[in-house]
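**Q** Sharing a model prediction with you, sequence too.
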Amino acid sequence: MARFRRLNLINIPQLIVQTGKVNQACFYDSEDYRFYLKSLKAAADQYLCDIHAYVLLANSVQILATPKVPNGISSMMQSLGRRYVQYANHRYQRSGSLWEGRYKSSLIDANSYLLSCYRFVELRPLELRGVEELEDYPWSSFHHHSGTELNDLITDHSLYETLGDDSAERAEAYTQLFRYAFDPGLLAYIAETVQLGRVLGGDRFKDQIEQIADRRVRPLKRGRPRKEAASDEPGAAST
């Protein structure tokens with residue numbers, strides 16, 4: 001399936017995924033993770049992007065963010081990528097690209113999918129061997145949202161703020177969401193959508209995005225266009 005040209009629209013959240021080249025490791029120890037998060041904070045501040053959630057795995061990263069200026073996400077990711085690759089190449093005496101091409105992303109209908117994307121990102125460590133509880137994994141925003149650790153990298157979306165009147169209420173309500181299994185169909189849908197660079201939302205949201213961006217965001221229907229019969233054409237010779 002073809003990917004769409006990346007959209008960067010202000011005030012619309014994006015789910016971002018970047019993977020190591022040939023699935024190779026991008027982080028080897030806690031110093032690497034800390035440097036990446038420090039670089040993410042600097043790039044997000046510079047290019048005016050709100051970071052809502054993140055997870056850093058050994059060979060990939062996932063970030064949920066909203067840009068406040070045009071091309072904020074792309075500028076943030078370019079700056080972050082350059083800085084971290086320079087750091088890794090110097091520290092490990094390597095050269096060349098660290099990532100598997102450019103990052104992948106999907107615009108998100110916040111009203112329908114935002115909190116699902118929070119959970120999609122923060123549940124990822126449970127797929128790792130040796131991680132049985134989300135509290136055991138230090139390199140995600142789950143600790144901030146569960147109320148166990150304040151993280152100045154995070155600027156929560158206004159919809160997350162509606163979960164409670166204060167941070168303790170929001171943390172309790174958010175943590176309750178993790179008591180329910182994530183629907184496998186929804187999990188696959190979100191993963192496929194970001195992989196293909198499509199819009200995560202219903203028809204009304206896609207209509208809005210197409211109007212704002214002035215281009216198509218839906219895939220074309222499969223199959224070849226119907227070919228008109230020769231006898232229907234004016235002046236066609238009969239057989």
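**A** Ah, there it is.
**Q** Would you quantify the distance from Asp50 to Thr155?
**A** 4 Å (CB to CB, to the nearest Å). From N, CA and C alone the C-beta is placed, and that goes for glycine too.
**Q** Pick out whichever of the two has more residues nearby.
**A** Legend: neighbour count by other CB atoms under 10 Å for Asp50 and Thr155, higher for Asp50 (17 against 14).
**Q** Wasn't the more buried one part of a strand?
**A** Yes - in this structure, Asp50 lies within a strand as judged by DSSP: H, G, I helix; E, B strand; the rest coil.
**Q** Roughly how far does it sit from Leu64?
**A** Using CB to CB, one obtains 9 Å as the distance from Asp50 to Leu64.
**Q** ok, now Lys104?
**A** In this structure, Lys104 lies at 13 Å from Leu64, with CB to CB as the measure.
**Q** The lengthiest helix in the chain - what's its average pLDDT?
**A** Scanning the chain for the longest helix, with DSSP state H as the assignment, gives helix 72-91. Averaged across helix 72-91, the pLDDT comes to 95.
**Q** what about dumping the CA coordinates of stretch 35-53 to CSV?
**A** Listed in CSV are the C-alpha atoms of stretch 35-53, where the atom choice follows Å, rounded to 0.1, in the frame of the first residue of the first chain:
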residue,chain,number,x,y,z
PHE,A,35,20.6,12.2,26.0
TYR,A,36,17.7,11.5,23.6
LEU,A,37,15.1,12.8,26.0
LYS,A,38,17.2,15.9,26.7
SER,A,39,17.5,16.4,23.0
LEU,A,40,13.8,15.9,22.4
LYS,A,41,13.0,18.5,25.1
ALA,A,42,15.3,21.0,23.4
ALA,A,43,13.9,20.4,19.9
ALA,A,44,10.3,20.5,21.1
ASP,A,45,10.9,23.8,22.9
GLN,A,46,12.8,25.3,19.9
TYR,A,47,10.1,24.3,17.3
LEU,A,48,7.1,24.8,19.6
CYS,A,49,5.8,21.2,19.8
ASP,A,50,3.8,19.9,22.8
ILE,A,51,5.0,16.4,23.7
HIS,A,52,2.0,14.4,25.2
ALA,A,53,3.4,10.9,25.5
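**Q** Pull out the buried residues from it.
**A** By 16 or more other CB atoms under 10 Å, the buried positions in stretch 35-53 come out as 35-37, 39-41, 43-44, 47, 49-53.
**Q** Likewise for stretch 202-213?
**A** Using 16+ other CB under 10 Å as the test for burial, stretch 202-213 gives Phe205, Lys206, Gln208, Ile209.
**Q** quick check: mean pLDDT across it?
**A** In this model, stretch 202-213 carries a mean pLDDT of 76.
**Q** Then stretch 111-130?
**A** Model confidence over stretch 111-130, given as mean pLDDT, is 93.
**Q** tell me the secondary structure for the residue most central in space within the chain?
**A** With distances taken as CA atoms, centre = their mean, the residue of the chain nearest its centroid is Leu15 (1.9 Å). Assigned state for Leu15: strand (three-state reduction, three-state DSSP).
**Q** Tell me what it is bridged to.
**A** Leu64, Ser106 (DSSP bridges).
**Q** So the nearest residue to Phe142 once chain neighbours are set aside versus His144, what's the distance?
**A** Once its chain neighbours are removed from consideration, Phe142 has its nearest residue in Glu122; the separation is 4.3 Å (CB to CB, 6 or more residues apart in numbering). As defined by CB to CB, Glu122 lies at a distance of 10 Å from His144.
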